[in-house]
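1. dropping the sequence and predicted coords here.
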Amino acid sequence: MILIISTCEEKLSELEFVKPIEDIVEKDVEKDFTTKHYSQLTKSDAIKADKLIICGNALKDTQYLGGIEKFSFLKDFEKPVLGICAGMQIIAKIYGSEFVEKTEIGIEYINISDKDVLFDNERASVYQFHKRVVKPSSDFKILAKSDTGTVHAIKHKTKTFYGVLFHPESRHKEIIENFLKI
């Protein structure tokens, strides 16, 4: 079972940031899923899941930053996790990474420096929509950066935890599909 975690403050935002991910997971007929808002999340919910996908949210949604402790279970979690935008920020913060305020919206080219199961190309145009970027801690290896130097994809060095700052639910759905194959 895949646990999809919403970080959206408003239900309407879930149509843009959560529903497309549900649709991608639903097309994979072998995968059951459930969706839960992070504020209702328990460690038990995560333990029952085979994989976690932590979704992104609207630019104005910052409430999740005050609830990052809800994700402290990730320190001991051993199953695959994909964090998208805010989800990447959450994973990174749990492991001591820093944020830098930087608004980036629109299409950006990223260079994939370390090919991994998520990526099929060495360069891709992605859709970005964020107000803060991540300076990853030494727990992560950088998989992709933009031409402007923004870190757009990370992987934990010892766990199957991935973070992407861009929105693969908008462009590059195959990244989510590749994650589901892990």
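-> Structure received. Numbering: from 1, shown residues only.
2. just checking, E16 is part of a strand?
-> No. Per DSSP: H, G, I helix; E, B strand; the rest coil, E16 lies outside any strand segment and is helix.
3. so what's it closest to, chain neighbours aside?
-> Counting by Cβ to Cβ, 6 or more residues apart in numbering, A58 is the residue found nearest to E16 once chain neighbours are left out, at 7.5 Å. Placement of C-beta: from N, CA and C, glycine included.
4. quick one, phi/psi of V117?
-> Recorded main-chain torsions at V117 are phi -60, psi -20, according to degrees, to the nearest 10.
5. can you tell me how far it is from L41?
-> 26 Å (Cβ to Cβ, to the nearest Å).
6. looking at the two, which is more packed in?
-> When neighbours are counted by other Cβ atoms under 10 Å, L41 comes out ahead of the other of V117 and L41, with 19 against 13.
7. who does the top strand by length along the chain touch, helix- and strand-wise?
-> In the chain, assigned by DSSP state E, the strand with the most residues is strand 98-112. On a contact count with 3 or more Cβ pairs under 8 Å, 6 or more residues apart in numbering; DSSP states H and E, strand 98-112 meets strand 123-135, strand 140-146, strand 151-156.
8. got a list of what the closest residue to T158 other than its chain neighbours touches?
-> Counting by Cβ to Cβ, 6+ apart, the nearest residue to T158 once its immediate chain neighbours are dropped is D139, at 7.9 Å. When contacts are counted by Cβ atoms under 8 Å, 6 or more residues apart in numbering, D139 is found next to Y95, G96, S97, H156, K157, T158.
9. out of those, what pair is the most spread apart?
-> Maximum pairwise distance in the contacts of D139, criterion Cβ to Cβ, is 15.3 Å, between S97 and T158.
10. contacts for the helix or strand of the chain with the lowest mean pLDDT?
-> The weakest-scoring helix or strand in the chain, judged by mean pLDDT, DSSP states H and E, is helix 11-17 (a mean of 88). Surrounding helix 11-17, the residues in contact under the criterion Cβ under 8 Å, 6+ apart are S6, T7, C8, C55, G56, N57, A58, D61, I84, C85, H167, E169.
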